[in-house]
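Chemist: Need a 3D model of the sequence below.
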Amino acid sequence: MVYYNTDKLKKTKLTNHNYYILLDFDKTITSKESLDSWMALLDIEIYGQTCQKEMETLNAYYAPIEFDYTIEKKKKEQYIEQWYQKSMDLLYHYQVTEKKIQKALQKNTLKFRKGAKEFLEKMHQENIPIIILSAGIGNVIEEFLKMQNCDYDNIYIISNFIEFIEGKMQKFKVPIIHSMNKKIEGNLPKGWQEKMKERPYTILCGDMIEDTYMIQKEKLNQTITIGFLNTKIEENLKIYQKNYDIVLTEEDACFEGIEKIIEGKEEL
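Modeler: The predicted model follows:
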């Protein structure tokens, strides 16, 4: 189903030259059934069962906290920072390599959300800039897009990138980006900053409330926020409606719906 809680879209006139796309990756570009970009690289045959179990244990403890909107923000951020640091330490301990990432992604554990691949292709054809801002692993996102023939030059990725030397993991580049602190401000190279100045409107898509923080608060009046509500629809619908201009659920949670919204073909 599609839920609208403002008339902002009716007042916003989009052309190919006045907007850009700001996308979360995990469970936004990818489907709700897909593994995330952390778990997708932890194939048992590559790293062994112990490694996967350790990561699953971390996720079982911290993931419910990430989607708990009753926890005070500062306390929640402390938990999320712990989660990311422990996850990164685990990957370093098991020595991720570039070849292991490529091998793991061949298992097709990352899957596009319905219509996402076609959406990326269309935005490339129309030369619409896309910024992927993800708390996942940038190297995994890059490799996935490459394998799907979607590594287009109109896409810029802001994420957690592993620094490799001769194919071997050295460290994660700083600053670390997690679900509570990811933002576009201060993370774009100069050339992309200039592109954004020419495009006053933003189409922002995410699956968490925190994804709406990717853009500065003062720019939200020129941003159409679209939220994919993947789980606990009845429980979370009100808070998503409060934070997103448009909420997509169930069969409508696809990129065909976003294309209709951009083109003004969706009935409001």
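Chemist: which stretches of the stretch 1-150 of the chain form helices?
Modeler: 8-11, 44-47, 49-66, 73-93, 98-105, 116-125, 138-147 (DSSP state H, counting those that start in this stretch).
Chemist: Low-confidence ranges, the chain, go.
Modeler: Along the chain, segments meeting pLDDT under 70 span 5-6, 265-268.
Chemist: So which of the helices of the stretch 1-150 of the chain is nearest residue 198?
Modeler: Residue 198 lies closest to helix 116-125 among these, at 16.1 Å (C-beta to C-beta). Yep, even glycine has a C-beta here, placed from its N, CA and C like the rest.
Chemist: Pull the distance from that closest one to the chain's centre.
Modeler: 16 Å (C-alpha atoms, centre = their mean, to the nearest Å).
Chemist: need the contact list for residue 161.
Modeler: The contact partners of residue 161, taken as C-beta atoms under 8 Å, 6 or more residues apart in numbering, are 137-139, 172-173.
Chemist: who wins for neighbours among those residues?
Modeler: In terms of neighbour count, residue 137 stands highest of the contacts of residue 161 at 26 neighbours, by other C-beta atoms under 10 Å.
Chemist: How about the contacts made by that one?
Modeler: Taking C-beta under 8 Å, 6+ apart as the criterion, residue 137 is in contact with 37-38, 41, 159-162.
Chemist: will you turn the contacts of residue 161 into a markdown table that also has distance to residue 79?
Modeler: What follows is the contacts of residue 161, written out as a markdown table (distance: C-beta to C-beta, whole Å):
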| residue | distance to residue 79 |
| --- | --- |
| 137 | 20 |
| 138 | 23 |
| 139 | 25 |
| 172 | 19 |
| 173 | 23 |
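Chemist: Out of these, which is nearest to residue 245?
Modeler: Among these, residue 138 lies closest to residue 245 (C-beta to C-beta), at 27.8 Å.
Chemist: Leaving out chain neighbours, which residue sits closest to that closest one?
Modeler: Computed as C-beta to C-beta, 6 or more residues apart in numbering, the closest residue to residue 138 that is not its neighbour in sequence is residue 159, at 3.4 Å.
Chemist: What of residue 195?
Modeler: Leaving aside its chain neighbours, residue 195 sits nearest to residue 129 (5.4 Å; criterion: C-beta to C-beta, 6+ apart).
Chemist: That neighbour contacts residue 152, correct?
Modeler: No. With contact defined as C-beta atoms under 8 Å, residue 129 and residue 152 do not form a contacting pair (10.2 Å).
Chemist: ok, these two, which is more surrounded?
Modeler: residue 129 (18 against 14).
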